[in-house]
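Trainee: My questions are about this predicted structure, shown below with the sequence.
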Amino acid sequence: MKVCKVFFACALSLFMVTGVFAGGQRNGTSGGSTSGAKIAVTFAGTEGATAGQSRMMMEVAEQLNATGRFDVKVYVAGALPGDTDNLVTQARLGVNLVVPSDPGRLASQFNIPDLNILMTPYILTDYKILEKLPQTALYKEWQASLEAQGIVLIADMFNGFRSFYTTTPVNNVADLSNLRIRGFGNSIGQALAKYLGYAQTTVNATDIYAGVQARTLDGCEIQAATADSYRLYEVTKYLALTKHYMLQSSFVCGKALLDSMPQADRDLFVKTVYDTAARYSAIIASEEQGYYDGFKTKGITVTEVDLKEFEAAIAPLYTNNDLKMTSGIKERLFRELGL
């Protein structure tokens, strides 16, 4: 019975999302290569409209629509049904979706453990590294593994550092003990909770505010721009700047979508997403301190924690290899990045 319910939920969600495209397709705007037909694509994210990720997608839509070859729509703040993993599955199954996921989610969803290295705590700490990443052999191998499963990884964009927003002060690792924190539900999120000692709670990102307000959550770990777009400063009064993840938005779409495009349109589409993501990495990095300063004016106590203490608490994650990564993967990544 449980399997049937899950299948029904996925089928219903797919039906609802497919309906977003139906009108355009009846008007000759399918993703195919019919002469003169516009290519219908929908970008779907969970972050609020003011977050850098959402603004990036809106700019891509504006650029592509201006060519006259595309009919691009953007849905943010979870406006389309389904969480990120569900939307990625729909893209893989043929819906014309582009979804901002992240390396940790993709690693879990598509069983590519080594991809976790891009999101493991305190490994990558400089967003400029992402400029070199697509040229590495490792990244190309990960792209090939995803494409073999029907998903194309177009670009990785820096999307801020994730820290803890809580209802009680967090000055050190022990202060997280037994707090109910919303974080990633994948293997990385579970490992972070294990070694920092909080209770991992998985809800949709758009439900964090209500969860904290209802006291079913004591906080979340999230990036600054998204915390601001969700107005979390109204319900969480403490921010511990742990900066444990260098979050990346991994923009993915179904292989079928790209294969359906004429080559010139495909090249334009991929280049536009890639170039805009690269530009927004720098924009988001430049805006981050402004969010922290803004939180202070809105009543949040911002704490500069001892990062070495948090790094030490996380260290067993690597010696125990909780994420099942290949031995030496960090060294190989750093070597290929020239670090």
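Mentor: Noted; the coordinates are in hand.

Trainee: Could you find the closest non-adjacent residue to residue 110?
Mentor: residue 149 (5.4 Å; C-beta to C-beta, 6 or more residues apart in numbering). For the C-beta atoms, the positions are set from N, CA and C on the backbone; glycine is no exception.

Trainee: burial of the one you found, as a residue count?
Mentor: Residues within reach of residue 149, counting by other C-beta atoms under 10 Å, total 13.

Trainee: That one falls within a strand, correct?
Mentor: No: under DSSP: H, G, I helix; E, B strand; the rest coil, residue 149 falls outside any strand and is assigned coil.

Trainee: Verify the stated contact: it with residue 93.
Mentor: No: counting by C-beta atoms under 8 Å, residue 149 sits too far from residue 93 to count as a contact (11.5 Å).

Trainee: Can you tell me how far the closest residue to residue 75 other than its chain neighbours is from residue 232?
Mentor: Sequence neighbours aside, residue 44 is the residue nearest to residue 75 in space, at 4.8 Å (criterion: C-beta to C-beta, 6+ apart). As judged by C-beta to C-beta, to the nearest Å, residue 44 and residue 232 stand 22 Å apart.

Trainee: Which one of the two is surrounded by more residues?
Mentor: residue 44 (26 against 23).

Trainee: Would you check that residue 219 makes contact with residue 166?
Mentor: Yes: in this structure, residue 219 is within contact of residue 166 by C-beta under 8 Å, at 3.3 Å.

Trainee: Find residues that contact each of those two.
Mentor: Taking C-beta atoms under 8 Å, 6 or more residues apart in numbering as the contact rule, residue 219 and residue 166 both touch 179, 181, 236, 238.

Trainee: Which single one of those is nearest to residue 260?
Mentor: residue 181 (41.3 Å; C-beta to C-beta).

Trainee: List the pairing partners of the helix or strand where the closest one lies within its sheet, with orientation.
Mentor: Here residue 181, judged by DSSP states H and E, is contained in strand 180-182. Here strand 180-182 has these sheet partners by DSSP bridges: strand 199-201 (parallel), strand 219-223 (parallel).

Trainee: same question for the last one, mean pLDDT?
Mentor: What that stands for is strand 219-223. The average pLDDT for strand 219-223 rounds to 98.

Trainee: List of residues touching the following helix or strand past that strand?
Mentor: Past strand 219-223, further along toward the C-terminus, the next helix or strand under DSSP H and E is helix 224-229. Helix 224-229 is contacted by residues 47-54, 77, 159-161, 163, 165, 205, 220, 233, 236, 239, 284, 287-288, 291-292, 294-295 when judged by C-beta under 8 Å, 6+ apart.

Trainee: thinking again about what came up before, which of residue 219 and residue 166 has more neighbours?
Mentor: Between residue 219 and residue 166, residue 219 has the larger neighbour count (other C-beta under 10 Å), namely 29 against 24.

Trainee: any idea how far that one lies from residue 113?
Mentor: 28 Å.

Trainee: go on, residue 210?
Mentor: 33 Å.

Trainee: cool, and residue 299?
Mentor: For residue 299, the distance to residue 113 - C-beta to C-beta - is 41 Å.

Trainee: Just the CA atoms of the helix or strand that contains residue 212, as CSV, please.
Mentor: For residue 212, the host element (DSSP H and E) is helix 208-213. The C-alpha coordinates for helix 208-213 follow below in CSV (Å, rounded to 0.1, in the frame of the first residue of the first chain):
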residue,chain,number,x,y,z
ILE,A,208,10.8,26.2,7.5
TYR,A,209,9.2,29.5,8.6
ALA,A,210,6.0,27.7,9.6
GLY,A,211,7.9,24.9,11.4
VAL,A,212,9.9,27.3,13.5
GLN,A,213,6.8,29.4,14.2
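
Trainee: about what we covered before: buried deepest among the strands paired with strand 180-182, which one?
Mentor: Of all those, strand 219-223 has the most neighbours on average by mean count of other C-beta atoms under 10 Å, namely a mean of 26.

Trainee: Now do that strand: everything it contacts.
Mentor: With C-beta under 8 Å, 6+ apart as the criterion, strand 219-223 contacts 159-167, 179-183, 192, 205, 208, 212, 227, 230, 232, 236, 238, 242, 244-245, 247.

Trainee: For the shared contacts of residue 219 and residue 166, give me CSV that also has pLDDT.
Mentor: Supplementary listing: the shared contacts of residue 219 and residue 166 in CSV, determined by pLDDT from 0 to 100:
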residue, pLDDT
179, 98
181, 98
236, 98
238, 98
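
Trainee: Tell me the secondary structure at residue 242.
Mentor: Residue 242 - assigned by three-state DSSP - is strand.
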